[in-house]
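>>> structure for this input, please:
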Amino acid sequence: MKAIVQDRYGSADVLNFRDVARPEFGPEDVLVKVVAAGVDLGAWHFMTGQPYLMRILGFGLRAPRTRVPGTNVAGRVEAVGRDVAGFQPGEQVYGTCRGAYAEYARVRQDKLAPIPAGLSFEQAAVTPYACFAALQALRDHGKVQPDQQVLVVGASGAVGTFAVQLAKAFGAEVTGVCSGPKADLVRSLGADHVIDYTDKGFAGGDRKFDLVIDIGGDNPVSRLRRTLKPRGRLVIVGGEGARWTGVHRQLWASLMSLFVRQKLGTFIVKENARDLQFLNELIEAGKVKPVIDRTYPLGAAPDAVRYFESGRATGRIALVV
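Next comes the predicted model:
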């Protein structure tokens, strides 16, 4: 089969389009004929091997252990393992895996769900991981409630666009922080208020929030705390881009939370079919929708990654097989 392969960590230049063996699958796996795959920050981390901590944690010290990148996939079921229940060949599915940038991918059944009605393969392919992060940040760690004031910092990004929509679906009043050119996008997703990220006045102003979701940013924890109500919650999503650990602010927030009334912290995203099924209900009800900026053919993955790195995208990027 054709696939994008990388033999070492590095920039988009390490990605090569060539023939590899079709993946073998086990008794609890589903073999998916890939139609589309998402380009996102997770795939970028696997490509670059940064932060370096991830190499120590088992992803490959000098070279990636999984040579085919890509973590978000959508396609049709090609075959199922003997212990798989609920999926049939030909069914349209989406989920998370390792090795999505290929004609076929092996996906664990507990990380896979049917594509909801009205969603294209491209839209489905850019949904899973970002939705996991946004949903778990708001519901599980932010404990969002109806009528709460929620601030989403990084509202125009992959996770942020879903966080805005999900917060509205939970009944919150939402303020999004993003760059000026992307303000209209954030408003179109349901944000009640939009603040330009260059205006640091959102931290320390008169307005206070019950919940702040800070996504992949670099705002000091002390600044974010000033946006919170006395018993508000701060949830930091993703890393801050540091080469070594990428979690300096997260560690500091978790430590500080032991000594203040506000709840400050972070979490590790859990990939699971249960949350995909929950999201399917919201998608089919029209409360959540992925935003596609561009699609690229699979062989043009290096170009897709470079466009992602440019920061110009006003939506998600998908590879089409």
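>>> every contact and neighbour count from this point should use C-alpha atoms.
OK.
>>> what distance do you get for the residue positioned nearest the centre of the chain to Ser257?
Compute the mean C-alpha point of the chain, and by C-alpha atoms, centre = their mean the closest residue is Ala130, 2.3 Å away. Using C-alpha to C-alpha, to the nearest Å, Ala130 is found at 26 Å from Ser257.
>>> strand partners (parallel or antiparallel) of the helix or strand encompassing Leu264?
Using DSSP states H and E, the element containing Leu264 is strand 263-266. Strand pairing for strand 263-266, determined by DSSP bridges: strand 228-237 (parallel).
>>> okay, stretch 225-235 in CSV with CA atoms only?
Provided in CSV are the C-alpha atoms of stretch 225-235 (Å, rounded to 0.1, in the frame of the first residue of the first chain):
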residue,chain,number,x,y,z
ARG,A,225,-5.5,33.3,37.4
ARG,A,226,-6.4,37.0,37.3
THR,A,227,-9.2,36.2,34.8
LEU,A,228,-10.8,33.7,37.2
LYS,A,229,-13.4,34.2,39.9
PRO,A,230,-12.2,33.3,43.4
ARG,A,231,-13.3,29.7,43.0
GLY,A,232,-12.9,29.5,39.2
ARG,A,233,-11.2,26.7,37.3
LEU,A,234,-8.2,26.9,34.9
VAL,A,235,-7.6,24.0,32.5
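>>> flag every buried residue along it.
By 16 or more other C-alpha atoms under 10 Å, the buried positions in stretch 225-235 come out as 225-229, 232-235.
>>> nearest to Gly217, of those?
Comparing the buried residues of stretch 225-235 against Gly217 with C-alpha to C-alpha places Val235 closest, at 11.7 Å.
>>> any idea how far the closest one lies from Tyr296?
33 Å.
>>> cool, Asp40 as well?
Counting by C-alpha to C-alpha, the gap from Asp40 to Tyr296 is 13 Å.
>>> need the buried residues of stretch 225-235 in TSV with distance to Pro302 and pLDDT, can you?
TSV is the format used below for the buried residues of stretch 225-235 (distance: C-alpha to C-alpha, whole Å; pLDDT from 0 to 100):
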residue	distance to Pro302	pLDDT
Arg225	39	90
Arg226	41	91
Thr227	39	92
Leu228	41	95
Lys229	44	95
Gly232	42	95
Arg233	38	96
Leu234	35	95
Val235	32	95
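>>> of all those, which comes closest to Arg108?
Closest to Arg108, out of all of the buried residues of stretch 225-235 and judged by C-alpha to C-alpha, is Val235, at 28.4 Å.
>>> list the contacts for that closest one?
137, 141-142, 211-214, 264-267 (C-alpha atoms under 8 Å, 6 or more residues apart in numbering).
>>> list buried residues within those residues.
Buried, going by 16+ other C-alpha under 10 Å: 137, 141-142, 211-214, 264-267, out of those.
>>> name the next helix or strand downstream of the helix or strand bottoming out on mean pLDDT in the chain, please.
Among the helical and strand segments of the chain, the one scoring lowest on mean pLDDT, DSSP states H and E is helix 53-54, with a mean of 66. Proceeding N to C from helix 53-54, the next assigned helix or strand is strand 72-80, under DSSP H and E.
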